[in-house]
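S.K.: just to be clear, the model below is a prediction. Sequence and coordinates:
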Amino acid sequence: MEPTSRQKVSPFLDPGSITKPNSLAVIQLSRDNFVPVYLKQVDGEHDGYAEGAVLNTRFGSFPHSTLIGVPWGSQIRASKVDTGSRGRKRKRQGADDATEGASSEANESNKNQKNDQASAEGLNGTKQAVADSSGFVHILPPTPEIWTTSLPHRTQVVYTPDYSYVLYRLRAKPGSTIIEAGAGSGSFTHASVRAVYNGYPAEGKRTGKVISFEYNEDRYHKMQEEIGEHGLKGLVHLAHRNVYKDGFLLDGKSPEADAVFLDLPAPWEALHHLSRTKPKKDGEEQNGDAEWVSPLHPKKSAHLCTFSPCIEQVTKTVSAMRRLGWIDIEMVEIANRKLHTLRDRVGLNLQIDRGVNNSPRDVEEALTRLTEIEDRFRENARPRPAAEDTEMGEDDISGEAEGVSKPATNGKPKVEAPKPKFPWQDGRLITRGEPEIKTHTSYLVFATLPIEWSEEDEAAATQKYPVGEEQKQVVGTLDRKSRKEERRAELQNKSGNRKARKQERDAKIAEAMTTTTA
Ligand SMILES: C[S@@+](CC[C@H](N)C(=O)[O-])C[C@H]1O[C@@H](n2cnc3c(N)ncnc32)[C@H](O)[C@@H]1O
């Protein structure tokens with residue numbers, strides 16, 4: 001399903017093969033250091049840079065023009081940028097403030113002149129970037145995982161090991177509707193929208209959606225902005241609301257959710273809004289209210305997860321879940337550990353380098369080295385002839401300095417490590433875990449609320465799967481009565497055969513006896 005003509009497909013859902021202007025990209029500075037950047041295509045000077053919009057990092061400056069239209073994953077070299085005009089602009093601004101705009105006309109003409117100059121220097125009025133040797137970065141497409149590590153943190157966020165497990169347990173799939181509260185920094189929102197995405201909404205078609213609630217006004221506005229910039233309008237519905245008080249309906253209507261994720265300080269205070277019928281209060285005889293609208297899908301079991309940092313909160317949540325009829329309640333803690341996979345190059349004759357372990361590769365190499373050392377030791381312990389007694393003068397002594405003589409191989413050929421076919425196959429492949437687990441973020445409580453089973457549901461099921469009637473059904477080609485008769489005939493047949501055989505045997509015995517007597 002295509003988005004509307006004015007709406008672009010989110011780069012989180014389909015980034016395409018190359019970077020595009022006016023869309024989000026992630027700059028990787030080092031292995032775990034990412035910076036999100038909204039790629040801007042501007043004509044002429046921008047913020048004092050003749051090269052247009054520029055990203056400044058500790059590895060140098062990167063005009064956006066060098067980041068646009070390149071394949072994702074490309075390495076981008078830093079550029080020399082015209083910071084002079086930026087400096088001049090700042091100075092000029094100071095002067096402007098002092099004279100309170102007296103020279104605004106002059107400044108305008110100055111700016112126009114500079115733009116004219118820039119047009120002469122580059123395409124579309126923007127000065128063309130010139131590569132610099134200060135460094136490079138990589139440009140990556142935004143994914144929920146990268147976004148989680150690079151997003152501007154406005155709150156504690158849900159990390160990838162947690163949300164991947166949560167989404168699996170919530171049975172999130174293309175077409176699902178997930179309720180989320182609170183939205184916070186949007187880490188979970190991005191992961192869940194990718195999980196439920198099966199197209200942008202279209203007339204008459206129900207598509208996957210995330211219904212998100214946030215109480216803090218600043219966070220709500222920031223998040224709303226991000227949803228627009230990331231092309232997620234129509235897929236994420238964000239509401240500014242205190243869900244403890246006002247629940248999860250949208251304009252009084254049910255979002256018909258099949259999964260709910262609560263990352264709130266007191267999830268048990270929101271649970272009564274997630275009932276299928278109005279929960280009864282103390283003193284009330286029974287629950288139920290014809291006016292009650294549940295935010296859950298009436299024909300699907302609802303799967304719920306709450307995310308709480310301490311066990312006291314878990315206890316309160318679980319007891320509220322029990323009271324409200326949730327079943328299969330279970331608590332899980334994710335203890336995630338990173339594994340680093342690398343090639344370990346071991347050997348005595350390897351050049352000292354990163355990832356090289358200069359110890360013997362195996363017993364054979366260790367023995368060879370020990371033999372060399374012993375030979376050298378014996379050689380040095382032998383009394384030396386005086387220099388004048390030898391044919392060589394002192395100046396003639398060539399070769400290695402003391403202690404760095406070539407290793408003796410004791411007459412044996414030197415053992416060389418077998419050369420790998422490709423450089424990246426060099427060394428042993430090893431995996432090292434982090435020494436300690438330090439990722440405890442929260443306890444996850446999961447529960448399920450089955451669908452309500454009405455009289456009509458029972459009647460429909462009975463009609464579809466009739467119970468007790470199957471006894472009268474014909475099995476095979478004969479009914480029960482015929483099968484009985486058939487069996488009786490079979491038995492009679494068998495007993496008749498037995499009788500005949502006995503008669504035959506008796507006759508034979510009688511005949512034999514007659515012959516013997518005769
Ligand atoms: C830990 S943050 C959520 C982080 C989010 N799950 C993420 O991955 O980025 C909790 C959020 O819940 C919001 N919140 C707290 N009480 C709320 C309420 N009653 N209704 C709606 N949102 C609430 C807070 O403002 C906060 O932004």
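M.R.: That came through fine. Numbering: from 1, shown residues only.

S.K.: please list the residues of the protein that sit near the ligand.
M.R.: 155-158, 181-182, 184-188, 213-216, 219, 241-244, 263-265 (Cβ under 6 Å from any ligand atom). To be clear about C-beta, it is placed using only N, CA and C from the backbone, and glycine gets the same treatment.

S.K.: so which of those residues sit within helices?
M.R.: Counting by DSSP state H, the residues of the chain next to the ligand place 187, 188, 219, 243, 244 in helices.

S.K.: could I get those as JSON lines with pLDDT?
M.R.: JSON lines is the format used below for these (pLDDT from 0 to 100):
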{"residue": "187", "pLDDT": "96"}
{"residue": "188", "pLDDT": "97"}
{"residue": "219", "pLDDT": "96"}
{"residue": "243", "pLDDT": "98"}
{"residue": "244", "pLDDT": "97"}
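
S.K.: which one of those is nearest to residue 312?
M.R.: residue 244 (17.7 Å; Cβ to Cβ).

S.K.: hey, which helix or strand in this structure has the poorest pLDDT?
M.R.: Ranked by mean pLDDT, DSSP states H and E, the weakest helix or strand in the chain is helix 104-121, scoring a mean of 42.

S.K.: what sits up against the longest strand along the chain?
M.R.: Assignment by DSSP state E gives strand 130-140 as the longest strand of the chain. Applying Cβ atoms under 8 Å, 6 or more residues apart in numbering, the contact partners of strand 130-140 are 19, 25-29, 34, 57-62, 67, 70, 72-80, 146.

S.K.: of the residues you listed, which belong to helices?
M.R.: residue 146.

S.K.: was I right to think residue 333 contacts residue 444?
M.R.: Yes. Using Cβ atoms under 8 Å, residue 333 makes contact with residue 444 at a distance of 7.1 Å.

S.K.: ok, the two, which is more surrounded?
M.R.: When residue 333 and residue 444 are compared for neighbours, residue 444 comes out ahead with 21 against 12, by other Cβ atoms under 10 Å.

S.K.: tell me the SS of the more buried one?
M.R.: Put simply, residue 444 is strand when judged by DSSP: H, G, I helix; E, B strand; the rest coil.

S.K.: now do residue 298
M.R.: coil.

S.K.: same check on the one 5 residues further on?
M.R.: Of the three states, residue 303 takes strand under three-state DSSP.

S.K.: just the ones in helices among the residues of the chain next to the ligand now: which is nearest residue 493?
M.R.: The closest of these, once distances to residue 493 are taken by Cβ to Cβ, is residue 188, at 75.1 Å.

S.K.: and the closest residue to the closest one other than its chain neighbours, what are its phi and psi?
M.R.: Leaving aside its sequence neighbours, residue 188 sits nearest to residue 158 (Cβ to Cβ, 6 or more residues apart in numbering; 4.5 Å). Torsion angles at residue 158 (phi, psi; degrees, to the nearest 10) stand at phi -90, psi 130.

S.K.: list the residues that contact residue 158.
M.R.: 148, 166, 187, 188, 191, 263, 307, 441.

S.K.: restricted to strands, list those residues.
M.R.: residue 307.

S.K.: what would the contacts of residue 158 look like in CSV with neighbour count?
M.R.: Below are the contacts of residue 158 laid out as CSV (neighbours: other Cβ atoms under 10 Å):
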residue, neighbour count
148, 22
166, 26
187, 25
188, 27
191, 25
263, 24
307, 22
441, 16
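
S.K.: let me know the closest of the contacts of residue 158 to residue 300.
M.R.: residue 166 (18.1 Å).

S.K.: which SSE is residue 37 in?
M.R.: Using DSSP states H and E, residue 37 sits within strand 33-39.

S.K.: can you tell me the residue of the stretch 301-450 of the chain closest to the ligand?
M.R.: residue 307 (7.1 Å; Cβ to the nearest ligand atom).

S.K.: ok, that residue touching residue 162?
M.R.: Yes. Counting by Cβ under 8 Å, residue 307 touches residue 162, with 7.3 Å between them.

S.K.: neighbours of residue 228, how many?
M.R.: Neighbour tally, residue 228, other Cβ under 10 Å: 10.

S.K.: which residues in the stretch 351-500 of the chain form helices?
M.R.: 363-381, 455-464, 480-517 (DSSP state H, counting those that start in this stretch).

S.K.: so can I have a markdown table of those helices showing mean neighbour count and mean pLDDT?
M.R.: Shown next, in a markdown table, are the helices of the stretch 351-500 of the chain (neighbours: other Cβ atoms under 10 Å; pLDDT from 0 to 100):
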| stretch | mean neighbour count | mean pLDDT |
| --- | --- | --- |
| helix 363-381 | 13 | 89 |
| helix 455-464 | 10 | 89 |
| helix 480-517 | 10 | 85 |
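
S.K.: nearest to residue 205, out of those helices?
M.R.: That would be helix 455-464 among the helices of the stretch 351-500 of the chain, by Cβ to Cβ, at 26.0 Å.

S.K.: the closest one: how far from the chain's middle?
M.R.: Offset of helix 455-464 from its chain centre (Cα atoms, centre = their mean, to the nearest Å): 42 Å.

S.K.: also stretch 326-335?
M.R.: 21 Å.

S.K.: could you do stretch 16-31 as well?
M.R.: 18 Å.

S.K.: now swap in stretch 371-387 and tell me
M.R.: On Cα atoms, centre = their mean, the centre of stretch 371-387 falls 63 Å from the chain's centre.

S.K.: residue 39: neighbour count?
M.R.: Residue crowding around residue 39 was assessed by other Cβ under 10 Å; the count is 20.

S.K.: bridged to it, which residues?
M.R.: Note on residue 39: beta-bridge partners by DSSP bridges are residue 23.

S.K.: correct me, but it touches residue 18?
M.R.: No. Counting by Cβ under 8 Å, residue 39 stays clear of residue 18, with 11.1 Å between them.

S.K.: didn't residue 178 look like it was pressed against residue 196?
M.R.: Yes. Because the distance of 6.0 Å satisfies Cβ under 8 Å, residue 178 is recorded as touching residue 196.

S.K.: the strands in the stretch 151-300 of the chain, which residues?
M.R.: Listed in chain order, the strands of the stretch 151-300 of the chain (DSSP state E, counting those that start in this stretch) span 177-181, 209-214, 236-240, 259-262.
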